[in-house]
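> the sequence and its predicted three-dimensional model are supplied below.
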Amino acid sequence: SQQGEEDPQALSIQEGENATMNCSYKTSINNLQWYRQNSGRGLVHLILIRSNEREKHSGRLRVTLDTSKKSSSLLITASRAADTASYFCATDEIPGGSYIPTFGRGTSLIVHP
Amino acid sequence: DGGITQSPKYLFRKEGQNVTLSCEQNLNHDAMYWYRQDPGQGLRLIYYSQIVNDFQKGDIAEGYSVSREKKESFPLTVTSAQKNPTAFYLCASSILPTGRNTEAFFGQGTRLTVV
């Protein structure tokens, strides 16, 4: 199964700054999703971007997808201390296969108040 | 409220014992998944099921077993054959086996510790 890989592994910023994390993957996809995990909790879905989309927004989140480079980025603008969490990208498998979410190691984001 | 529930939240196992982790969903999802997460690591797929009475091995199935007798339930048994079972276990579900453009819903996890 393919796996997305997030970069950087850790990111430390001050409240109000923007946070950017990246995801690279190996093969063609139907869509790419970003999830958030607070410490010791399950994952929560943030946003999905389809393979024919290049950019998507949701509140303070902005996701881009470059299928030619097999990469995606998640931008959190005007970060808050409550954004402190790990962020994972997940991809599906193509072509025609079953959807099995596969995850990378995540980016650990710390936002200092 | 609809959701996916894992129990217990914390579980302690003695060496050589089998333990079963519960995962129940009332979202009417066809697909269910079990992942293992080690500290600072990503999620690794243990088993998944797309329909009742059928399941498939993931990347790290050795030492684990599952059943899918009901659509709502996908319990995971950690057997004594799993040499390093201490980890955080996450269950997830999604709509449709070939669910394009759908998200996975996660439980809150079970932290298993071998004592």
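That came through fine.
> quick one: residue B:102 is in a strand?
No. Assignment of residue B:102 by DSSP: H, G, I helix; E, B strand; the rest coil gives coil, placing it outside any strand.
> give me the pLDDT value at it.
We have a pLDDT of 75 for residue B:102.
> does it touch residue B:94 like I think?
Yes. Residue B:102 lies in contact with residue B:94 (CB atoms under 8 Å); the separation is 5.4 Å. In short, each C-beta sits where N, CA and C put it, glycine included.
> counting neighbours, go ahead and name the busier of these two.
Neighbours per residue, other CB atoms under 10 Å in any protein chain shown: of residue B:102 and residue B:94, the larger number sits with residue B:94, 24 against 19.
> and the nearest residue to residue B:80 once chain neighbours are set aside, how close does it get to residue A:101?
Spatial nearest neighbour of residue B:80, excluding adjacent residues (CB to CB, 6 or more residues apart in numbering or on different chains): residue B:16 at 4.8 Å. Remark: distance between residue B:16 and residue A:101 (CB to CB, to the nearest Å) = 33 Å.
> just residue B:91 next, same as before
In terms of CB to CB, residue B:91 sits 12 Å off from residue A:101.
> what residues are shared contacts of the two?
Residues touching both residue B:91 and residue A:101 (CB atoms under 8 Å, 6 or more residues apart in numbering or on different chains) are residue B:33.
> and what about residue A:48, helix, strand or coil?
Here residue A:48 is strand, with the state taken from three-state DSSP.
> with adjacent residues omitted, what lies nearest to it?
According to CB to CB, 6+ apart, the nearest residue to residue A:48 is residue A:33 (4.7 Å).
> distance of the one you found from residue A:8?
Distance check for residue A:33 against residue A:8: by CB to CB, it reads 20 Å.
> which one's more surrounded, these two?
Remark: of residue A:33 and residue A:8, residue A:33 carries more neighbours, 26 against 12, as counted by other CB under 10 Å.
> you'd agree the more buried one is up against residue B:103?
Yes. At 6.2 Å, residue A:33 counts as touching residue B:103 under the criterion of CB under 8 Å.
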